[in-house]
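1. Any chance you can model this:
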Amino acid sequence: MRIAIGDIHGCLTSLETMLEIIKPSTDDLIVTLGDYVDRGPASKGVIDHLIEFQKTHRLIHLMGNHEIQMIRALETTHDKERFLSDMCGGKDTLDSYGGSFDDIPDNHWEFIRSANLYHELEDHILVHAGLTSETPVDMQDQETYYYQRFYTQKPHISGKTIVCGHTIQGDIPNNQGHAICLDTCAYGGGWLSALDLDTGNIWQTNELGQSREMQLSDL
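-> Okay, the predicted model is just below:
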């Protein structure tokens, strides 16, 4: 299997339930699309879980805008204020660690900083936010990987299907053919979504431990 998992946002129960349902083998490829932190209740737990999962499975984790904002919060007062604002949700992240940036362990910073900007397969390009359509995947303005909105995503010159998160789609993923968005608002009563790139099967889980399935072709 080749599985893409959308924005997790500190929703550990949703993530654990998802992996229990999918039951990936050590040979399966799991790509998480970024935004592990902020807004949900258990950012620390999510990263703990992914670090342990990565020791035994093929996990590629991508950089989301919330990880970038977390890194930049250490650099300037303005970025720190933005990260801790209600809009970003960084206070929820720090609370999960104990309340301070000093409480975040080194291996968590290493996990965050080592995230890839994108992952390219023979038929898909996986990225947190999106790509400029006429620019090769490895030549994008770096902010595009984190911040482009799904509604501006046009077919990419590679001809490959873009799979992304970042732009909330409501309760179910959005399939435009040339691009698929898996951000279905895992925090705040929404769903965490995952897509099997080979079969088109979609799994969704939530913080209540509930789950449901659908097919990409039905969207």
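
2. pretty sure Ala179 contacts Gly165?
-> No - the criterion here is C-beta atoms under 8 Å, and Ala179 misses it with Gly165 at 11.5 Å. For glycine as for every other residue, the C-beta is placed from the backbone atoms N, C-alpha and C.

3. quick one, which of those two is more surrounded?
-> Shown here are Ala179 and Gly165; by other C-beta atoms under 10 Å, Gly165 has more neighbours (33 against 22).

4. Show the contacting residues for Thr32.
-> 4-5, 8, 50, 59-62 (C-beta atoms under 8 Å, 6 or more residues apart in numbering).

5. err, Ile71, not the other one
-> Residues near Ile71 by C-beta under 8 Å, 6+ apart: 112-113.

6. how far out from the middle of the chain is the host helix or strand of it?
-> Assessed by DSSP states H and E, Ile71 sits inside helix 65-72. Taking the mean of its C-alpha atoms, helix 65-72 sits 13 Å from the chain's own mean (C-alpha atoms, centre = their mean, to the nearest Å).

7. How about stretch 191-200?
-> Counting by C-alpha atoms, centre = their mean, stretch 191-200 comes out at 13 Å from the chain centroid.

8. How about stretch 54-63?
-> Centroid displacement of stretch 54-63 relative to its chain, using C-alpha atoms, centre = their mean, is 12 Å.

9. mind listing what's buried in stretch 157-171?
-> Buried residues in stretch 157-171, defined by neighbour count with 16 or more other C-beta atoms under 10 Å: 160-169.

10. What residues sit buried inside the lowest-mean-pLDDT helix or strand in the chain?
-> Here the helix or strand of the chain ranked lowest by mean pLDDT, DSSP states H and E is helix 77-84, holding a mean of 92. Residues of helix 77-84 classed as buried under the neighbour-count rule (16+ other C-beta under 10 Å) are 79-80, 83-84.

11. Same question for stretch 188-197.
-> Using 16+ other C-beta under 10 Å as the test for burial, stretch 188-197 gives 190-197.

12. Could you dump these into CSV and include secondary structure and distance to Ser133?
-> Converted to CSV, the buried residues of stretch 188-197 look like this (DSSP: H, G, I helix; E, B strand; the rest coil; distance: C-beta to C-beta, whole Å):
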residue, secondary structure, distance to Ser133
Gly190, coil, 28
Trp191, coil, 28
Leu192, strand, 28
Ser193, strand, 24
Ala194, strand, 26
Leu195, strand, 21
Asp196, strand, 25
Leu197, coil, 20
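
13. right, and out of those, which lies closest to Gln140?
-> Leu197 (21.1 Å; C-beta to C-beta).

14. That closest one against Ala4, yeah?
-> Yes - proximity of Leu197 to Ala4 meets the contact threshold set by C-beta under 8 Å, at 6.4 Å.
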